[in-house]
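>>> Got a predicted model here, sequence first, then my questions.
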Amino acid sequence: MARSNRFTLPSSEITPEAAFFSRRAFLKALGFAGLNAWPLLNACTNFAAEKRELGGTLVNLKTLTARKNDRYSLDRPLTDRVEAAKYNNFYEFTSGKDVWRSVERFVTRPWQVAVTGMVKKPRVFDIDELIRTMPLEERTYRHRCVEAWAMAVPWTGLPLAELVKRVEPLSGATHIRFLSFLCKDQAPNQGGLFTTELWPYHEGLTLAEATNELALLAVGVYGKELPKQHGAPIRLVTPWKYGFKGIKSIVEISFTDRQPPTFWSSLGPDEYGFWANVNPEVDHPRWSQKSERMLGTGERRPSVIFNGYGDYVAHLYRPPRLEYFY
Ligand code: MTE
């Protein structure tokens, strides 16, 4: 048997001589001759790579070490990392989906999270200390936006219940209020979009929801720290609820004895309520919630009550009331 010579190209890959010369003539006519062609061609290649890294927002992100928790399996493929990072909601910066274009000035270090209110041990956590000292795990979760787009991503984070345990809530505490950052210099919409008094973005959960095993404080995604557009350096993930409950870039977690007001429920109480549990049978007043569109592939899938997490959370909402689902 003849041995193949690894230095010899198969004939199918050799450009015929005539084509080679005519290609050279063509490039020459365009001014791409000899060595001069290289800088231009490289610049084009780098531009493509830069675009794929979404303006640099996906480069230089630290890798996070975390235990993989396989308990929460997916019924769909993971969304492509770049697709998930180029279609976001982060109204502080823009009401468009290309948030990655607007976060350059957002500074996410140093960053502290204050845990306040009705707890025995109020504390201020430095984000890097939190990442170093808390039990981080990676979980794959579905995500369903109220706007009917969806994704499936691996978050890295700490169970919110773990943080709650460490600060020891007082017996009268029933709810948690979450507050995002306020910095008009970095987030231009805080000075112009909606009424300025509404900012910072704020959200809330009952204590029972917050200590449910699914509730996660995410500090990373796809094995690396969060890109800014996903809510760096720390955000909430509650996969059974519409995505607006997942407040990004948290600076304060405060325990209280009443249901806190929330950003979207102040803007549209009939459209974006406090509870916001996914339910395909309860339409948004302006669109159907029956199905969802996957980011990246555009695939349409039927939506599922509690976004498929009913076994974990349905008991929190008995007997069911309509207001639990918007
Ligand atoms: N958090 C803040 N601070 N500001 C926002 O505008 N948008 C919410 C939520 N958290 C938002 C936020 C909405 S509407 C959704 S669907 C999710 O973030 C989107 O998360 P993603 O962009 O990481 O997919």
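Received it, and whenever you're ready, just let me know what you need. Numbers count the residues shown, from 1 in each chain.
>>> Phi first, then psi, for the single nearest residue of the stretch 151-300 of the chain relative to the ligand.
Of all residues in the stretch 151-300 of the chain, residue 243 sits closest to the ligand, at 2.7 Å by CB to the nearest ligand atom. (Each C-beta comes from the backbone N, C-alpha and C, glycine too.) Main-chain dihedrals, residue 243, degrees, to the nearest 10: phi -60, psi -20.
>>> cool, residue 265 as well?
The phi/psi pair for residue 265 (degrees, to the nearest 10) is phi -70, psi -30.
>>> I'd say it and residue 274 touch.
Yes - under the criterion of CB atoms under 8 Å, residue 265 is in contact with residue 274, at a separation of 5.5 Å.
>>> Could you see whether the ligand lies near the strand of greatest length in the chain?
The longest strand of the chain (DSSP state E) is strand 149-159. No - Strand 149-159 stays clear of the ligand (CB under 6 Å from any ligand atom), getting no nearer than 6.5 Å.
>>> tell me what that strand is packed against?
Secondary-structure packing of strand 149-159 (3 or more CB pairs under 8 Å, 6 or more residues apart in numbering; DSSP states H and E): helix 81-85, strand 137-144, strand 216-221, strand 291-294.
>>> Relative to residue 129, which of these is closest?
Among those, the nearest to residue 129 by CB to CB is strand 216-221 (11.7 Å).
>>> Please see if that closest one touches the ligand.
No - Strand 216-221 is not in contact with the ligand by CB under 6 Å from any ligand atom; minimum separation 7.8 Å.
>>> what sits up against that strand?
64, 66, 81, 84, 127, 130-131, 136, 138-139, 141, 153-160, 163, 225-227, 230-231, 233-238, 250 (CB atoms under 8 Å, 6 or more residues apart in numbering).
>>> same check, this time on stretch 157-165
The set of residues external to stretch 157-165 that reach it, using CB under 8 Å, 6+ apart, is 115, 130, 134-137, 139, 176, 207, 210-213, 215-220, 236-237, 253.
>>> wouldn't the residue of the stretch 151-300 of the chain closest to the ligand be in contact with residue 148 here?
No - applying CB under 8 Å as the test, residue 243 and residue 148 come out as separate, 10.6 Å apart.
>>> Comparing those two, which residue is more hemmed in?
Taking other CB atoms under 10 Å, residue 243 and residue 148 do not tie; residue 243 has more neighbours (21 against 17).
>>> Model confidence for that one, exactly?
On the pLDDT scale, residue 243 is placed at 98.
>>> Equivalent analysis for the one 3 residues further on, please.
Listed pLDDT for residue 246 reads 98.
>>> And it, how far from residue 231?
Residue 246 sits 8 Å away from residue 231, going by CB to CB, to the nearest Å.
>>> what sits against residue 248?
Counting by CB under 8 Å, 6+ apart, residue 248 touches 90, 180, 201, 230, 231, 232, 235, 236.
>>> residues near the second one, how many?
Residue 180 sits with 24 neighbouring residues when counted by other CB under 10 Å.
>>> For it, which non-adjacent residue is closest in space?
Leaving aside its chain neighbours, residue 180 sits nearest to residue 201 (4.1 Å; criterion: CB to CB, 6 or more residues apart in numbering).
>>> Just list the residues touching the one you found, thanks.
Contacts for residue 201 (CB under 8 Å, 6+ apart) come out as 91, 92, 179, 180, 247, 248, 263.
>>> Find the nearest non-adjacent residue to residue 75, please.
residue 308 (6.9 Å).
>>> next one: stretch 121-135 to chain centre, how far?
Relative to its parent chain, stretch 121-135 has a centroid offset of 21 Å by CA atoms, centre = their mean, to the nearest Å.
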